[in-house]
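Enquirer: I would like to see how this sequence folds:
(one chain, ligands or ions: 1)
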Amino acid sequence: MEEEQMKLLKELSESFGPSGFERETAGVVKREAQRYADELTFDKLGSIVAKKRGDSDSPRILLAGHMDEIGFVVTGIDEQTGFLTFSPLGGWFDQVLLGHRVTVRTSSGPVPGVIASKPIHLISPEEKDKVVKKDSMFIDVGASNRVTAEKEFGVRIGDPIAPWSPFATTRNGKVIIGKAFDDRVGTFVGLEVLRRLKTEEIQHPNTVYVAGTVQEEVGLRGASTVGNLVEPDIAVALEVDIAGDVPGIKSSQAPSKMGRGPSICTYDAMMIPNQPFKAFVIETAEREKIPYQLSVDPGGGDRCREVSHRESGSSLHSDRSSNQAHSLARRHPRRR
Ligand SMILES: [Zn+2]
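Expert: Just a heads-up that it's a prediction; the model follows:
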């Protein structure tokens with residue numbers, strides 16, 4: 001990947017944008033999209049749609065990636081200790097939370113903190129073998145009581161929280177480590193399509209709409225408003241897949257493997273893609289010698305389902321991120 005593209009992926013990954021609080025990520029998407037698109041429109045929830053005209057008004061092709069990430073919201077501040085209680089925004093696996101560093105975004109700026117629980121020294125041997133549930137965790141921002149947390153740190157109930165996870169590459173430079181690849185990678189791929197159409201002056205017999213949607217992790221909300229805004233003939237959801245090359249996973253559970261090319265989701269619990277369109281994508285990949293993998297997601301259902309449901313157009317759940325999904329799958333196993 002070119003240095004400039006890697007820089008953009010880093011900026012997208014590190015940007016703060018839990019569901020409902022996507023403003024910072026949306027700012028990056030808007031800045032990039034307006035360099036290459038003919039026109040930008042916004043829905044009232046905060047999603048962005050960039051239009052790139054081709055030789056024909058139709059078919060209208062929508063490529064959508066969601067900008068939001070899973071995070072939390074502050075639900076309380078302990079009077080005596082200043083510790084924060086929190087509720088999840090999106091699906092979290094309790095076991096990955098403890099020890100995670102986070103950022104609380106307050107009206108007076110970012111506040112760093114750590115997710116913690118009762119110290120190991122003070123729990124009984126039986127308790128040590130049990131999973132600590134989120135309800136018994138708290139966030140330590142270093143405030144000594146509620147008044148300090150509120151007055152000095154500026155924390156208020158309802159403030160959003162995101163994981164703090166700086167972007168890095170592995171030793172061989174081939175895999176990236178970080179947060180929010182679900183679905184900043186999809187957002188990045190959409191922007192990359194816009195950039196190449198424009199800078200390489202690619203002729204296309206259609207109109208392409210690239211969308212950065214909001215609030216996917218809390219119920220696919222942005223995808224439905226964008227579907228109504230664009231009224232696409234064809235919609236492609238740019239999403240992450242589960243990398244199956246992890247110890248203890250059978251290939252029938254997650255057939256995609258890291259580094260073997262984009263996954264084409266052939267079926268998920270909520271959506272079966274348009275079959276001629278699926279065949280067209282596969283034929284194109286084979287003709288152009290683009291590596292691809294056929295994937296299934298029997299337990300999930302994603303934005304594609306919502307867009308296709310609303311628009312009854314052709315749709316296909318696509319993915320360019322098996323590499324990145326690998327580390328994502330390890331860090332934040334997706335909800336089921
Ligand atoms: Zn997603």
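
Enquirer: show me what counts as buried in stretch 122-142.
Expert: Neighbour-count burial for stretch 122-142, counted by 16 or more other C-beta atoms under 10 Å, picks out 132, 134, 137-139, 141. C-beta here means a position set from N, CA and C on the backbone, and glycine is covered the same way.

Enquirer: out of the residues you listed, who's nearest the ion?
Expert: Minimum separation from the ion among the buried residues of stretch 122-142 (C-beta to the ion) is found for Lys134, which lies at 20.4 Å.

Enquirer: the closest one and Arg60, how far apart?
Expert: 42 Å (C-beta to C-beta, to the nearest Å).

Enquirer: then the helix or strand harbouring Gly27 to PDB, C-alphas only?
Expert: Taking DSSP states H and E as the criterion, the element that holds Gly27 is helix 23-36. Extracted C-alpha coordinates of helix 23-36, given in PDB (Å, rounded to 0.1, in the frame of the first residue of the first chain):
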ATOM      1  CA  ARG A  23     -18.300  13.300  13.900                       C
ATOM      2  CA  GLU A  24     -14.500  13.100  14.000                       C
ATOM      3  CA  THR A  25     -14.400  10.100  11.600                       C
ATOM      4  CA  ALA A  26     -17.000  11.700   9.400                       C
ATOM      5  CA  GLY A  27     -14.800  14.800   9.100                       C
ATOM      6  CA  VAL A  28     -11.900  12.600   7.700                       C
ATOM      7  CA  VAL A  29     -14.300  10.900   5.300                       C
ATOM      8  CA  LYS A  30     -15.800  14.300   4.100                       C
ATOM      9  CA  ARG A  31     -12.300  15.800   3.600                       C
ATOM     10  CA  GLU A  32     -11.100  12.900   1.500                       C
ATOM     11  CA  ALA A  33     -14.400  12.400  -0.400                       C
ATOM     12  CA  GLN A  34     -14.600  16.000  -1.500                       C
ATOM     13  CA  ARG A  35     -11.200  15.700  -3.300                       C
ATOM     14  CA  TYR A  36     -12.600  13.100  -5.700                       C
END
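
Enquirer: parallel or antiparallel, which strands does the helix or strand just after that helix pair with?
Expert: Moving toward the C-terminus from helix 23-36, the next helix or strand (DSSP H and E) is strand 39-42. Pairing partners of strand 39-42, with direction, according to DSSP bridges: strand 48-52 (antiparallel).

Enquirer: quick check: angle from the strand it pairs with to helix 23-36?
Expert: 10 degrees (axes from the mean of the first three to the mean of the last three C-alpha atoms, to 10 degrees).

Enquirer: tell me the pLDDT of Glu24.
Expert: pLDDT, Glu24: 97.

Enquirer: likewise Glu217?
Expert: Turning to Glu217, the model gives it a pLDDT of 69.

Enquirer: can I assume Arg171 sits in a helix?
Expert: No - the assignment for Arg171 (DSSP: H, G, I helix; E, B strand; the rest coil) gives coil, which keeps it out of a helix.

Enquirer: burial of it, as a residue count?
Expert: Arg171 has 6 neighbouring residues, counting by other C-beta atoms under 10 Å.

Enquirer: again with Tyr292
Expert: As a burial measure, the neighbour count of Tyr292 was computed by other C-beta under 10 Å and equals 18.

Enquirer: go on, the one 5 residues further on?
Expert: Neighbours of Asp297 under the rule other C-beta under 10 Å: 23.

Enquirer: model confidence over stretch 283-298, on average?
Expert: Across stretch 283-298, the per-residue pLDDT values average to 92.

Enquirer: may I see the buried residues of stretch 265-275?
Expert: 265-266, 268, 270-271, 273-274.

Enquirer: swap in stretch 43-59?
Expert: Neighbour-count burial for stretch 43-59, with 16+ other C-beta under 10 Å as criterion, is recorded at 43, 46-52, 54, 59.

Enquirer: and it, how far out from the chain's middle?
Expert: Taking the mean C-alpha point of stretch 43-59 and that of its whole chain, the gap between them comes to 21 Å (C-alpha atoms, centre = their mean, to the nearest Å).

Enquirer: can you give me the end-to-end distance of that stretch?
Expert: 21 Å (C-alpha to C-alpha, to the nearest Å).

Enquirer: what about the nearest residue to Glu32 once chain neighbours are set aside, distance to Ile290?
Expert: Counting by C-beta to C-beta, 6 or more residues apart in numbering, Glu32 lies nearest to Leu191, which is 5.0 Å off, once chain neighbours are set aside. With distances taken as C-beta to C-beta, Leu191 is found 19 Å from Ile290.
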